[in-house]
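**Student:** Model the following, please.
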Amino acid sequence: MNLSESLEQISKELLALNVEFAVAGGLAASLYRDQPRLTDDVDLAVAFSVPVVKLEAILTKLELSPTRVSEAQLKGGPKHLVKGKLSPIAILVGRAKDKIGIDLLLPNLSWVETALKRAVLALEMSAYREGVPINPLTYLPFLQDEAVG
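**Tutor:** Residues are numbered from 1 along each chain as shown. The predicted model follows:
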């Protein structure tokens, strides 16, 4: 499976649960660059409209092993929060050997909510200009195997 197929697959799963999300990371950066940014995973900013366990179930359904990464782990401490798992979950990382990884970036990261609002606004503005109904999957074809390496 390639990046485009992985993105389409996770997008369909999230849309089926009415989860708001936006493409982030290297794939999103590629939209604004002359040369695509090479990346080997799919990063999505995700709204908390469903419990984390449901998001983990989606990753598992896609044959990825989900791992919770807390804010404290991202910041390197404090150790008692990392060890005690008392810090909020910031990212769900889905990985498996020989598969494209998927990272679900959760609203506990300070910029995720703003990114989601901007993505919705961009979709609405684009749809308004083009006179088409909004369907996030129609905005994903920019991912071509040649473009992402």
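**Student:** Could I get the phi/psi values of the most centrally placed residue in the chain?
**Tutor:** By Cα atoms, centre = their mean, the chain has its centre lying nearest to residue 44, at 1.1 Å. The phi/psi pair for residue 44 (degrees, to the nearest 10) reads phi -130, psi 130.
**Student:** which non-adjacent residue is nearest it?
**Tutor:** Nearest residue to residue 44, sequence neighbours excluded (Cβ to Cβ, 6 or more residues apart in numbering): residue 21, at 4.7 Å. Just so you know, the C-beta spots here come from the backbone N, C-alpha and C atoms, and that holds for glycine as well.
**Student:** I'd say the residue nearest to the centre of the chain and residue 23 touch.
**Tutor:** Yes. Contact criterion Cβ atoms under 8 Å: residue 44 and residue 23 qualify, at 6.3 Å.
**Student:** contacting residues for residue 68?
**Tutor:** Contact analysis of residue 68 by Cβ atoms under 8 Å, 6 or more residues apart in numbering lists 52, 56, 89, 91-93.
**Student:** repeat that with 10 Å
**Tutor:** By Cβ atoms under 10 Å, 6 or more residues apart in numbering, the contact list for residue 68 reads 52, 56, 85, 87-93, 106.
**Student:** ok, now residue 62?
**Tutor:** Residue 62 touches 1, 6, 9-10, 13, 94, 96, 99-100, 102, counting by Cβ under 10 Å, 6+ apart.
**Student:** Overlap of the contact sets of residue 44 and residue 23?
**Tutor:** 7, 11, 115.
**Student:** out of the residues you listed, which is most surrounded?
**Tutor:** Within the shared contacts of residue 44 and residue 23, most neighbours by other Cβ atoms under 10 Å means residue 7, with 21 neighbours.
**Student:** and it, helix, strand or coil?
**Tutor:** Recorded secondary structure, residue 7: helix (DSSP: H, G, I helix; E, B strand; the rest coil).
**Student:** for residue 15, same thing?
**Tutor:** Assignment for residue 15 (three-state DSSP): helix.
**Student:** same check, this time on residue 22
**Tutor:** strand.
**Student:** Now it: closest residue in space, sequence neighbours ignored.
**Tutor:** residue 119 (3.4 Å).
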